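Enquirer: this one's structure only:
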């Protein structure tokens, strides 16, 4: 990749935020890659050894996904002997994946506020959304989920309900009932599947939504607080400070400054 703005590494592999000029290349080497382009409405999927040449200048977020990380979550989709896990080179991007991509780009650019746990959460959400949206449709849903941590349809339904309207007032007992589980069984299964308690998962979704709103400049902080179910802006400020490390006003100011100034590049 040409100009690299940020690089994050972990058990997930490498996540690279960069600027590409026309005709520059993104290459998947030993691991598959998922490429999210700011200017184009498509998700690019590169199998190992494949290359994408961008038609025009754009900012890209590329996940060079470690095979072990992919297999740990979805063994049927990313089998040991599967050299070409992606059958389609490009798919139309969904609103959910676009939001995740935009929020990830903001978070990575403001990496001094980004915790490893929140990065892992968003990448897990991205992978789960990609499997649900693209791979399950093409390969047949039932075999694809076999052996996955997310195999339980009740937990996947609960995740969908949480995503649909992240709100701190949501009643977890009612959510458990909606998906046909007792409260204790719901909590145990949810933790086993996702690595988070239902309440911690909801908190992560609320932070993600808040960052999306704050970085876009849409709405006042009080409006963001109300949307997420906080009875007062001060309660939302305390929550955001506890989760992110800075108040929402400071985060918004930092994202505005990053957007408005040229960012120094390093060659990858």
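Expert: Here it is on my side, so go on. Everything numeric in this text was worked out from a predicted model, so none of it was measured.
Enquirer: need the helices for the chain, in chain order.
Expert: Under the criterion DSSP state H, helices of the chain are mapped to 67-73, 95-109, 116-130, 136-139, 141-145, 153-164, 172-178, 183-194, 198-216, 221-227, 233-244, 248-260.
Enquirer: surely residue 244 meets residue 208?
Expert: No: using C-beta atoms under 8 Å, residue 244 is not in contact with residue 208; the gap is 10.8 Å. Heads up, the C-betas are built off the backbone N, CA and C, glycines and all.
Enquirer: TSV for the helices of the chain, including mean pLDDT?
Expert: Shown next, in TSV, are the helices of the chain (pLDDT from 0 to 100):
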stretch	mean pLDDT
helix 67-73	93
helix 95-109	94
helix 116-130	96
helix 136-139	72
helix 141-145	75
helix 153-164	96
helix 172-178	97
helix 183-194	97
helix 198-216	95
helix 221-227	96
helix 233-244	97
helix 248-260	86
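Enquirer: number of residues surrounding residue 217?
Expert: By the criterion of other C-beta atoms under 10 Å, residue 217 has 10 neighbours.
Enquirer: backbone phi and psi for residue 169, please?
Expert: phi -80, psi 0 (degrees, to the nearest 10).
Enquirer: for it, which non-adjacent residue is closest in space?
Expert: Spatial nearest neighbour of residue 169, chain neighbours left out: residue 229 (4.0 Å); criterion: C-beta to C-beta, 6 or more residues apart in numbering.
Enquirer: quick one: the one you found and residue 202 touch, right?
Expert: No: using C-beta under 8 Å, residue 229 makes no contact with residue 202, being 9.8 Å away.
Enquirer: quick one, which of those two is more surrounded?
Expert: The residue with more neighbours, out of residue 229 and residue 202, is residue 202; 21 against 16, by other C-beta under 10 Å.
Enquirer: surely the more buried one is in contact with residue 169?
Expert: No: applying C-beta under 8 Å as the test, residue 202 and residue 169 come out as separate, 10.3 Å apart.
Enquirer: what about residue 258, how many neighbours?
Expert: With other C-beta under 10 Å as criterion, residue 258 counts 14.
Enquirer: residue contacts, the residue nearest to it when sequence neighbours are not counted?
Expert: Distance criterion C-beta to C-beta, 6+ apart; nearest residue to residue 258, sequence neighbours excluded, is residue 109 at 5.3 Å. Residue 109 is in contact with 5, 6, 17, 255, 258, 263, counting by C-beta atoms under 8 Å, 6 or more residues apart in numbering.
Enquirer: restricted to buried residues, select the residues you listed in ChimeraX.
Expert: Buried residues among those (16 or more other C-beta atoms under 10 Å), as a ChimeraX selection:
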select :5,6,17,255
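Enquirer: turn the contacts of residue 109 into JSON lines, including distance to residue 85.
Expert: Shown next, in JSON lines, are the contacts of residue 109 (distance: C-beta to C-beta, whole Å):
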{"residue": "5", "distance to residue 85": "27"}
{"residue": "6", "distance to residue 85": "26"}
{"residue": "17", "distance to residue 85": "23"}
{"residue": "255", "distance to residue 85": "34"}
{"residue": "258", "distance to residue 85": "34"}
{"residue": "263", "distance to residue 85": "32"}
